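Build me a model from this:
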Amino acid sequence: ACAAVLAAGLASAAEASSLAKVDGGWKAKILKAKETRTKPAKGARYQPVTFADLPGWVQDDHLAAFKTFLKSCERVNANAREKAGTEKGPASSPALIAVCGEASRLAGEIKGKDGARAFFERNFTASAVENNIKPGLLTGYYEPVIKASRTPQGPYQTPIYKRPADLVTVIPETHRGAVKAGTLTHVRKTGKGNAPYFTRAQIDQGALKGKGLELLYFADTVDIFFMQIQGSGRIELTDGTSVRVHYDGKNGHPYKSIGSYLIEKAILAADKVSLGALAAWLKADPERANKVMWHNASYVFFRELKGDEAGAPLGALNVPLTPGRSLAFDPGYHALGTPVYVSAPTLRHVPKASPFNRLMIGQDVGSAIKGPERGDIYFGSGDAAGQIAGVTKHPGRFFVLVPKDASARNEAASDKAAVQKTKQ
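Modelled structure (predicted):
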């Protein structure tokens with residue numbers, strides 16, 4: 001989600017940077033990151049509950065959640081081997097690493113919903129998120145399918161750009177959803193030091209033209225704008241082939257919602273704003289659309305996915321996203337890779353999930369996803385997924401599954417064995 005660490009105790013990167021204005025110029029200032037957290041961030045707390053307290057827990061498809069969790073574990077295990085602590089992915093807590101090891105070991109044995117549910121109940125403690133910051137809110141995102149060309153021809157004249165060589169990441173990509181308002185996440189390296197990167201308006205008006213950064217050409221700037229918000233796209237090329245493009249950094253300016261801007265200016269009514277309605281309004285007047293889209297100075301760069309990674313869009317955890325199971329959340333509160341049970345009683349338009357009570361895995365972040373119970377649900381690829389995502393804006397609750405330490409997991413396993421022996 002291009003839409004922004006705790007729960008399982010994810011350690012943040014060793015250091016992160018931001019920019020401070022000093023003597024009329026911009027200078028990088030190093031922000032010392034906190035080590036592995038074991039308590040929720042200020043303003044939120046975890047209240048342990050039983051799994052029976054989770055609405056619809058027994059009815060969920062835990063096997064689907066387990067398969068999604070396994071994808072995260074591949075990255076968690078790899079990060080542990082690489083001693084991660086870089087922008088590629090913060091190091092995970094020992095408890096989460098241990099649970100991932102257990103999941104990988106049992107992957108061939110867990111073949112049904114009951115076995116998967118038992119795995120989660122044995123290895124995690126369910127905890128309700130209680131916060132005094134803001135009420136829980138769920139939105140949705142998806143992978144748009146758009147036509148484009150590798151060269152400028154006919155209607156295809158507007159490019160998307162590859163990551164520029166002078167773009168510097170100063171906040172780890174896995175943390176860009178957790179920064180304070182107004183913080184620059186990326187900057188431009190110049191001969192005199194770092195400076196804010198070109199804004200959306202400047203890039204649209206040619207700031208990067210002729211630098212060899214053009215990746216693909218599109219017919220509509222509005223399509224590009226929404227693909228940047230989603231963070232990925234499946235592209236149908238004029239030669240009949242198709243490719244996937246994926247987020248590869250941004251210009252660092254804070255994301256601003258143009259929907260909120262239009263509502264504040266009384267241009268569109270709040271109850272009429274959806275993804276489809278907003279796109280239609282923008283496409284009706286290109287000149288007007290540019291002025292509104294430039295209100296959001298944030299601009300996303302892309303890379304073309306190739307080989308095995310081109311099979312599905314990737315999240316911030318760098319694993320393939322799973323429709324209806326992958327969740328973007330605020331890494332300032334929850335560790336990437338953490339299972340989160342999401343309950344949204346009024347969310348009833350999702351097929352086979354009405355009301356929406358589902359175990360999901362935190363695999364993505366987004367610049368607009370801020371708060372302890374703020375979630376963005378990945379709904380899949382194409383127009384049908386886009387229609388669901390575009391009308392998703394519902395209150396919801398988070399129940400975070402916190403990994404147990406080794407002693408607690410061994411005790412749970414012993415209890416299970418004793419129960420099975422008694423039944424025999």
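
Show me where this structure dips below the pLDDT cut-off.
Within the chain, the ranges that satisfy pLDDT under 70 run 1-42, 83-92, 177-179, 406-424.

hmm, 50 instead?
Filtered on pLDDT under 50, the chain yields the residue ranges 2-38, 84-90, 417-422.

Touching whichever helix in it runs longest from outside, list them.
Among the elements of the chain assigned as helix by DSSP state H, the one spanning the most residues is helix 62-81. Contacts of helix 62-81 from elsewhere in the structure, counted by C-beta atoms under 8 Å, 6 or more residues apart in numbering, are 84, 88-92, 96-97, 100-101, 103-104, 107, 110-117, 119-120, 317-320, 322, 324-326, 336-337, 339, 358-363. In short, each C-beta sits where N, CA and C put it, glycine included.

go on, stretch 266-278?
Contacts of stretch 266-278 (C-beta under 8 Å, 6+ apart): Phe226, Ile258, Gly259, Leu262, Ile263, Trp281, Gly386, Gln387, Ala389, Gly390, Val391.

Please flag which of those sit within strands.
In strands, defined here by DSSP state E, there are no members of the contacts of stretch 266-278.

which of those lies closest to Glu143?
Using C-beta to C-beta, Gly386 is the member of the contacts of stretch 266-278 that lies nearest Glu143, at 8.6 Å.

Tell me how many other residues surround the nearest residue to that closest one once chain neighbours are set aside.
Once flanking residues are discounted, Gly386 sits nearest to Tyr142: 4.8 Å by C-beta to C-beta, 6 or more residues apart in numbering. The burial count assigned to Tyr142 is 29, neighbours taken as other C-beta atoms under 10 Å.

ok so Tyr142 is a strand residue?
Yes. Assessed by DSSP: H, G, I helix; E, B strand; the rest coil, Tyr142 belongs to a strand.

and it, what does it touch?
The contact partners of Tyr142, taken as C-beta under 8 Å, 6+ apart, are Gln230, Tyr378, Phe379, Gly380, Ser381, Gly382, Ala385, Gly386, Ile388, Ala389.

out of the contacts of stretch 266-278, which are inside helices?
Among the contacts of stretch 266-278, the members falling in helices (DSSP H) are Phe226, Ile258, Gly259, Leu262, Ile263, Trp281, Gly386, Gln387, Ala389, Gly390.

Dihedrals phi and psi, Thr241?
When quoted as degrees, to the nearest 10, the phi and psi of Thr241 stand at phi -90, psi 170.

picking up where we left off before, I'd like to know which of the contacts of Tyr142 are buried.
Neighbour-count burial (16 or more other C-beta atoms under 10 Å) is assigned, among these, to Gln230, Tyr378, Phe379, Gly380, Ser381, Ala385, Gly386, Ile388, Ala389.

My guess is Leu327 contacts Val365. True?
No. Between Leu327 and Val365 there is no contact under C-beta atoms under 8 Å: 10.2 Å.

Contact partners for Gln363?
For Gln363, the set of contacting residues under the criterion of C-beta under 8 Å, 6+ apart consists of 68, 71-72, 315-317, 319, 321-322, 326-328, 336-337.

how about a markdown table for these, with distance to Gly252 added?
Below are the contacts of Gln363 laid out as a markdown table (distance: C-beta to C-beta, whole Å):
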| residue | distance to Gly252 |
| --- | --- |
| Thr68 | 31 |
| Lys71 | 29 |
| Ser72 | 27 |
| Gly315 | 20 |
| Ala316 | 16 |
| Leu317 | 21 |
| Val319 | 25 |
| Leu321 | 24 |
| Thr322 | 29 |
| Ser326 | 25 |
| Leu327 | 25 |
| Ala328 | 19 |
| Leu336 | 21 |
| Gly337 | 26 |
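
Turn these into a markdown table, including neighbour count and secondary structure.
Listed next are the contacts of Gln363 as a markdown table, based on neighbours: other C-beta atoms under 10 Å; DSSP: H, G, I helix; E, B strand; the rest coil:
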| residue | neighbour count | secondary structure |
| --- | --- | --- |
| Thr68 | 24 | helix |
| Lys71 | 21 | helix |
| Ser72 | 26 | helix |
| Gly315 | 30 | coil |
| Ala316 | 25 | coil |
| Leu317 | 23 | coil |
| Val319 | 26 | coil |
| Leu321 | 29 | coil |
| Thr322 | 22 | coil |
| Ser326 | 28 | strand |
| Leu327 | 29 | strand |
| Ala328 | 31 | strand |
| Leu336 | 31 | coil |
| Gly337 | 30 | coil |
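
Many thanks, I have nothing further to ask.
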